[in-house]
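next comes the sequence, and after it the predicted model I'd like to discuss.
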Amino acid sequence: DLTLTGSLNAERNTGPDTVTLTFGNSNPADDLVLEPGAKRFGGSAQLAIAGFIDVSASFGFEENTSTVNGVETTRIKVAAAGITTFFGTGRGTSNETGFLLSNGQIGAVIDRVKGGETKYALVAQGTASLVGISGLTRSGTMHARMNRLDAAIDTTISTPAGPVEVKFDSAADVTQFGGSARLAVGGFVDISGSFGIEKSGNELLVGVTDVSVFLGVNAGTPEAIGLQVSDGTLGLVLRNGKYAITSSGAVGLVGLDGLGISGTFMVEANKLGTSVNRSIWTPGGSVSVVFANGDEVLRFGGSAVISV
């Protein structure tokens with residue numbers, strides 16, 4: 001009921017100089033560069049448990065120690081790529097049913113200062129979906145980014161499935177999580193959008209873009225009949241139990257012969273007691289939450305057109 005297969009490779013440079021191995025190839029991208037004291041370990045693995053769990057990935061590990069101005073720092077770089085995880089039954093058959101995570105990547109850079117604190121940066125992404133369930137579709141992507149290095153970084157970590165990039169353009173403390181998702185149920189409900197969540201100081205920022213919601217029948221076809229919300233956005237700033245929020249979108253009825261109803265809506269509220277000017281990242285674009293002063297605001301409005 002348990003199967004584990006894989007491959008491993010290891011590299012080490014114990015000399016005082018950087019070593020470059022060209023393998024007789026003129027393409028520099030294929031060169032293997034080992035810095036003094038470099039240690040690398042990698043490979044690929046597949047784990048299957050009881051016909052229900054199937055996990056596969058390629059991984060890489062690098063370690064290098066350097067001394068600058070008398071301070072010894074060990075940098076550890078860890079990555080996994082090509083991550084595929086399946087929970088369910090019938091894996092690899094036409095009757096496959098379950099939850100699938102695919103195209104996964106994770107990369108981490110860890111700096112261990114001798115006699116000091118440990119700092120790190122982390123990135124991760126992947127795609128998730130339900131498979132084999134008639135009438136129910138759930139799919140989406142995920143992104144996560146954290147920087148606690150107190151420094152900018154731009155590096156790649158090698159794995160047999162390809163390199164993983166860890167890049168932050170500034171030393172700013174970053175905590176971001178976001179993605180996109182779609183849920184469809186029985187041709188009656190269809191919801192999709194992109195979202196982003198970020199922690200900034202004592203604030204939690206939440207953004208949602210490209211929101212589309214359909215409630216009705218024949219979703220996604222020319223014969224669709226129902227309520228449609230499109231181009232929806234939402235921006236939310238939370239601080240010490242108080243909030244500021246903006247939201248907008250378009251709404252209408254579709255597919256009704258002789259009757260047309262369409263319009264737009266907007267919601268604005270500021271309960272923070274201060275001015276607000278925040279741009280919140282999502283994979284579908286940024287959402288702005290802007291209030292010029294700290295006045296308490298609660299506004300709702302829109303427009304509507306009815307044709308018969």
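Cool, got the structure.

poorly predicted segments of the protein, please.
Counting by pLDDT under 70, the ranges of the chain that qualify are 1, 21-32.

quick check: buried residues in the lengthiest strand in it?
The single longest strand within the chain, with elements called by DSSP state E, is strand 71-89. Using 16 or more other Cβ atoms under 10 Å as the test for burial, strand 71-89 gives 75-86, 88. Every C-beta, even on glycine, is put in place using the N, C-alpha and C of the backbone.

same deal with stretch 209-216?
For stretch 209-216, the neighbour count (16+ other Cβ under 10 Å) marks 209-214, 216 as buried.

in strands, which of the residues you listed fall?
Counting by DSSP E, the buried residues of stretch 209-216 contribute 209-214, 216 to strands.

now do the contacts for residue 37.
Residues in contact with residue 37 (Cβ atoms under 8 Å, 6 or more residues apart in numbering) are 13-14, 64-65.

for the host helix or strand of residue 183, packing partners?
In the assignment (DSSP states H and E), residue 183 maps to strand 174-185. Identification of packing neighbours for strand 174-185 by 3 or more Cβ pairs under 8 Å, 6 or more residues apart in numbering; DSSP states H and E yields strand 136-147, strand 189-200.

now do the same contact list for the most centrally placed residue in the chain.
In the chain, the centroid-proximal residue (Cα atoms, centre = their mean) is residue 143; its distance is 0.9 Å. Residues near residue 143 by Cβ under 8 Å, 6+ apart: 124-125, 176-179, 283.

let's see it at 6 Å
125, 178-179 (Cβ atoms under 6 Å, 6 or more residues apart in numbering).

for residue 176, see how far away it is.
7 Å (Cβ to Cβ, to the nearest Å).

try residue 92
With Cβ to Cβ as the criterion, residue 92 and residue 176 are 35 Å apart.

between the two, which one's more packed in?
More crowded of residue 92 and residue 176, by other Cβ atoms under 10 Å: residue 176, with 19 against 9.

what lines up beside the longest strand of the chain in the sheet?
Sheet pairing for strand 71-89, assigned by DSSP bridges, gives strand 53-68 (antiparallel), strand 97-113 (antiparallel).

distance from it to the middle of the chain?
15 Å (Cα atoms, centre = their mean, to the nearest Å).

stretch 271-290 too?
19 Å.

got the contact list for residue 226?
Residue 226 neighbours (Cβ under 6 Å, 6+ apart): 214-216.

can you name the residues bridging to it?
Residues in beta-bridge contact with residue 226 (DSSP bridges): residue 216, residue 254.

the one 10 residues further on now?
Beta-bridge pairing of residue 236 under DSSP bridges involves residue 206, residue 245.

wait, isn't it in contact with residue 246?
No - using Cβ atoms under 6 Å as the test, residue 236 is too far from residue 246 to be in contact (8.3 Å).

for residue 54, the count of nearby residues, please.
Neighbour tally, residue 54, other Cβ under 10 Å: 19.

and which of the buried residues of strand 71-89 is nearest to residue 164?
residue 79 (3.9 Å; Cβ to Cβ).

does residue 20 touch residue 34 like I think?
No - using Cβ under 6 Å, residue 20 makes no contact with residue 34, being 7.8 Å away.

coming back round to it: go through the helices and strands packed on strand 174-185 and pick out the most buried.
strand 189-200 (a mean of 19; mean count of other Cβ atoms under 10 Å).

one step back: could I get the CA-only coordinates of the strand holding residue 183 as PDB?
Extracted as PDB, the C-alpha positions of strand 174-185 are listed here (Å, rounded to 0.1, in the frame of the first residue of the first chain):
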ATOM      1  CA  VAL A 174       6.200  41.500   2.800                       C
ATOM      2  CA  THR A 175       3.400  39.200   3.600                       C
ATOM      3  CA  GLN A 176       1.200  38.500   0.600                       C
ATOM      4  CA  PHE A 177      -1.300  35.700  -0.200                       C
ATOM      5  CA  GLY A 178      -3.500  35.600  -3.300                       C
ATOM      6  CA  GLY A 179      -4.900  33.700  -6.200                       C
ATOM      7  CA  SER A 180      -7.800  33.200  -8.500                       C
ATOM      8  CA  ALA A 181     -10.800  30.800  -8.200                       C
ATOM      9  CA  ARG A 182     -13.800  29.500 -10.000                       C
ATOM     10  CA  LEU A 183     -16.700  27.500  -8.700                       C
ATOM     11  CA  ALA A 184     -19.500  26.200 -10.900                       C
ATOM     12  CA  VAL A 185     -22.400  24.100  -9.600                       C
END
